[in-house]
Every structure is written in C-alpha cells, then in structure tokens.
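1. need coordinates for the below:
(one chain, ligands or ions: 1)
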Amino acid sequence: MNPVKISVIGSGYAGLVNAVGFAHLENIVTCVDIDKKKIDNINNGISPIYEEGLEENLKGALKKGNIKATTDITKAVMETDITFIAVGTPSNNDGSINLKYIRKVSEDIGNILKKKDRYHTITVKSTVVPGTTEDVVAKTIESVSGKKRGKDFGLAMSPEFLREGKAMQDFLKPDRVVIGEHDNKSGDMLYALNKPLTDNILRTDIKTAEMIKYTSNAFLATKISFTNEIGNICKKLGIDVYDVMKGVGMDFRISPYFLNAGCGFGGSCFPKDVKALIAKSKDLGYDPLLLENVIKVNISQPKIMIELAKKHLGTLKDKKITLLGLAFKPGTDDIREAPSIIIIEELLKVGAKITVYDPQAMDSIKAMFGDKINYMPTKKDAIAASDTIMLVTEWDEFREEDLYHGKLVIDGRKTLEKRTESNYEGICW
Ligand SMILES: NC(=O)c1ccc[n+]([C@@H]2O[C@H](COP(=O)([O-])OP(=O)(O)OC[C@H]3O[C@@H](n4cnc5c(N)ncnc54)[C@H](O)[C@@H]3O)[C@@H](O)[C@H]2O)c1
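-> Numbers count the residues shown, from 1 in each chain. Okay, the predicted model is just below:
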C-alpha cells in the first residue's frame, strides 16, 4: 500500500500510539497537540507518556522521517489526506461526556477545510457517545466550512480499544478493528490502513461503531464489579475468589479474563465511559440499573482496604501506612480515577500518616496531594517507613514475599500469590 499522509489531533495515550503505530507501518504522520512541551518531546524522540515500546518506535519513525509533531493544526490538516481526532472526552460533574475538546477541534477543522480544495477524511478515534460524530463533529465542520460530508469531506468513526500498559502491542496486533463509515471512500481508506494489522475488520455505520466502544467497556467493567461482588461474598465465606474464578473462567462462554477481584477498576476509560453511557441512557429516559451498580460497587471497593486496616489496627489516626502502587494498573503512569486516589483520600480523612511509592506514577500523585503525604524513592524505603503495607497496583516488583517480613500486608490485587506469615489480608480472599 502507498503511504498515507495522516494527521492525528491530540497526542495523548490514544493519539500518540496511533500516530507512532501508523508511522511504524511506513505512513507519513503528523501529530498535533496544543501542548508545546509534548510536541517538543515527541520531535526529540521522548515519549510524553510511559508505554512499553512506544519511545523506541517513536525514535525509529523519527529516524526514517515518518513522523513529526506540531502545534500548527492548519498545516497538519492541509498537508495530509486523513485526520484522526484523538482529543480527550472527559466526564462532566454529572458523569455525562464533556465534548468541549471535540467541538473545538471540529471548529478548527471546519475553518481549515473551508480553504482546502481536496477531499479530506475525518475519523473520530476519541470515545464519543452515539450520535456525536454525526450530530456534533460533522455538523460543526459543515456549518463552519460550508462543505458537505460524503461529497467534500469523508466521515468515519473508528473506536480505540488499546489497553494502557500494552498499547503498542494492541495497536500492532489488535483483536479487531471497527470502522464506522459514513461514505465508502472513507471506509475503504481506513480498511486499507488497518489491513496490515488484522483480518478482523468490522465495517458498520457510525453510531454502531460508537456504541460498540461503550458496550465493550461497560461489559468489561461489569465483569470486574461482578467479580468483586462475588469476591466480597467469598471473603465472608472464607473462600478464595481466585480459585472460584479459575473454575468459572474455564467456561468458554465466560473466558478467564477480567475475573480478577481487587480494589476496583480505574483509568481514563472504564469509569468515565460507563458514567457517560449511564448519563446518555438517562437522557433518553432509560434508567440503567445494572450499570449504575457497576459504578457503585467500584466506588465502595477501595474503601474495603480501609475497613481491613481498621480490623487489624483499630483507629487509623496517626498510624503509618504505606501504599505500594498508585497507577491504575501496572505498566502505565496513568493515575486517572485510580483506586489509590480514593484510598489516600479516605486515609487522610481518618488521620493516617501515608507513605507512597510507585515505579512510574509518583509525579502525578505528587501533583495531586503535595505535602499531605510522604513519597519514597524506592519500594524498600517505602516499606521501611510503615508497619502496614497496602498493595494497590500489582507491579511485578512488589511480588517478592520477602520484602514484607514482619509487616501487616493488606493486598488489594492478589499481588502475593501466597503469604506464609499470618499478618496478611487479601481484599476478597
Ligand atoms: N487512554 C486510553 O487508553 C484510551 C483507550 C481507548 C480510547 N481512548 C479515548 O481516546 C481519547 C483520548 O484519550 P487519551 O487518554 O489519549 O487522552 P489524553 O488526555 O492523554 O490526550 C488528549 C490530548 O489531546 C490534546 N488536545 C486537547 N485539545 C486539543 C486541540 N484543540 N488540539 C490539539 N490537541 C488537543 C491534549 O493536550 C492531550 O495531549 C478519549 O476519548 C479516550 O476515551 C483512550
């Protein structure tokens, strides 16, 4: 396939991984962001986020001249044939989706397309509630540019399924690629771009593609909250939920994945996407009872860590407690909606003296909690600082049992496979 000239607007987790991935496939990619520091870093071969293999592939693509980064969206769109929109779609306070970045980029693109006389395809990569690509993105571009979708510009929505921590691997070997297309020409272009990656390409309409993304995340989040609820029951029964789910996951209809009980899911996607789907459903006059309880279970789950600490220590006032792991999962520096945040907040409320350590996420937590908590440069220092250790993210480096000799360990992730010392509490086992 001839290289395609691609611009990616928004150079965060989703945008940068796609940009580097498509450049790796020998396309010519321009990354755009409003954050000048990110742009400078990308041009210097420094990945602004931690993701295995990302920086290496970025450096390789820069060397070949397949990628560059800029804050100049006009030049980027003018010089390319297809634009991926990958800006953030955070939650409003009521959980509904906040489309301010999507609207701004759509306006910018509209203004640029007004001056562009070649056909240009716009593809939404950001996670957006059904209807957004057609009713917000395309409508804004049409009203600002005076051009028509399908005739003057192409329109598609291709949801992003990457897992943080495995993002590069997921880009290069996806389970499936979903292409929601308004016009065949855009669909064909996306099909050709993705064909080298997988044969599992589903072509559908735009709203269905948007809904596939929400349904996937809502289902996975439900699996986790379901497992946590079963885990809470197992704990009371004196049964290890991991042994239970091992048997349950052998059923091919269920699969063994996402059956790990623990202190809750976090990250930039599950909480926000489930909440956005709940808000959208309510907008439509439907009360999504199951999804609301998926969120409720998830909010109460980290608080069980505090209850377990109280069971052993009584009052937590002035008790020294160390949290190992702050990122919402191993392999990433992302702390968005991480259970560690709820645990720290709850421990602060009861007056505990908190020490934290994470191999990647210290800076982000420092920016959030400042001098309210203590930070240690190594796990050994962090463990030495307290008699009680909470395992919150299952980084491999926390798995050595010997690290915790003599300490009370409250494990929120089954980080320790087995614990011979008796002062060990698993959250659901
Ligand atoms: N992070 C993930 O693992 C993941 C996975 C699947 C889908 N998604 C979806 O992808 C989207 C982006 O998520 P993310 O995690 O990459 O967000 P992010 O916050 O890491 O990145 C968004 C980037 O967009 C930039 N931006 C904002 N407005 C801009 C503008 N007007 N022009 C240019 N750049 C602009 C920001 O500066 C930021 O760098 C979201 O909708 C998210 O739900 C993310």
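2. so the residue of the stretch 201-350 of the chain found nearest the ligand is in which element?
-> Distances between the stretch 201-350 of the chain and the ligand by CB to the nearest ligand atom are smallest at S268, namely 4.5 Å. Using the backbone N, CA and C atoms, a C-beta is placed for each residue, glycine as well. Following DSSP states H and E, there is no helix or strand that holds S268.
3. distance of it relative to L391?
-> To L391, S268 is 22 Å away according to CB to CB, to the nearest Å.
4. do the same with T80
-> From T80 to L391 the distance is 46 Å (CB to CB).
5. out of the two, which sits in the more crowded spot?
-> More crowded of T80 and L391, by other CB atoms under 10 Å: L391, with 27 against 21.
6. you'd agree that one is up against T322?
-> No: between L391 and T322 there is no contact under CB atoms under 8 Å: 9.7 Å.
7. in the chain, which helix is the longest?
-> Longest helix of the chain, by residue count under DSSP state H: helix 206-237.
8. got the phi and psi for the residue of the stretch 201-350 of the chain closest to the ligand?
-> Dihedral angles of S268 (phi, psi; degrees, to the nearest 10) stand at phi -80, psi -10.
9. next one: it from P48, what distance?
-> 15 Å.
10. for K100, same thing?
-> 21 Å.
11. look at these two and report which has more neighbours.
-> Higher neighbour count among K100 and P48: P48, with 20 against 12, using other CB under 10 Å.
12. need the three-state assignment for the more buried one.
-> Counting by DSSP: H, G, I helix; E, B strand; the rest coil, the backbone at P48 sits in coil.
13. show the backbone phi and psi for it.
-> phi -70, psi -10.
14. cool, N27 as well?
-> The phi/psi pair for N27 (degrees, to the nearest 10) is phi -80, psi 170.
15. what number of residues lie near it?
-> Neighbours of N27 using other CB under 10 Å come to 22.
16. thought it was touching N2?
-> No: using CB under 8 Å, N27 makes no contact with N2, being 9.2 Å away.
17. which residues are in contact with D72?
-> For D72, the contacting residues are V32, by CB atoms under 8 Å, 6 or more residues apart in numbering.
18. kindly apply the preceding question to M157 instead.
-> Here M157 is in contact with 123-124, 128, 133, 180, 206, 209-210 (criterion: CB under 8 Å, 6+ apart).
19. sec struct for G180, please.
-> strand.
20. was I right about it contacting M211?
-> No: G180 is beyond contact range of M211, at 9.2 Å (criterion: CB under 8 Å).
21. neighbour count winner among these two?
-> Of the pair G180 and M211, G180 is the one with more neighbours under other CB under 10 Å, namely 29 against 20.
22. how about the contacts made by the more buried one?
-> 133, 156-159, 204-210 are the contacts of G180 under CB under 8 Å, 6+ apart.
23. so which of those is the closest to L308?
-> P159 (37.6 Å; CB to CB).
24. tell me the SS of that closest one?
-> coil.
25. pull the number of nearby residues for it.
-> The burial count for P159: 22, using other CB under 10 Å.
26. go on, G65?
-> With other CB under 10 Å as criterion, G65 counts 9.
27. ok, it to the ligand distance?
-> The spacing between G65 and the ligand, counted by CB to the nearest ligand atom, to the nearest Å, is 22 Å.
28. any idea of the pLDDT on that residue?
-> Listed pLDDT for G65 reads 97.
29. A261 and F226: what is the separation?
-> 10 Å.
30. more neighbours, those two?
-> Taking other CB under 10 Å, A261 and F226 do not tie; A261 has more neighbours (29 against 17).
31. wait, what's in contact with M168?
-> 17, 20-21, 51-54, 57.
32. what sits against the closest residue to P359 other than its chain neighbours?
-> Nearest residue to P359, sequence neighbours excluded (CB to CB, 6 or more residues apart in numbering): W395, at 5.9 Å. Contacts for W395 (CB under 8 Å, 6+ apart) come out as 324-325, 330, 358-359.
33. give me the common contacts of G180 and M211.
-> By CB under 8 Å, 6+ apart, no residue touches both G180 and M211.
34. near K236, how many other residues are there?
-> Neighbour number of K236 under other CB under 10 Å is 8.
35. with D135 instead?
-> 12.
36. from E337, how far out is it?
-> 27 Å.
37. and what of V350?
-> Taken as CB to CB, the span from V350 to E337 is 22 Å.
38. and what of A385?
-> 26 Å.
39. which one is whichever residue of the stretch 151-300 of the chain sits closest to the ligand nearest to, not counting chain neighbours?
-> In the stretch 151-300 of the chain, the residue that lies nearest the ligand is E160 (3.8 Å; CB to the nearest ligand atom). Once flanking residues are discounted, E160 sits nearest to A14: 4.7 Å by CB to CB, 6+ apart.
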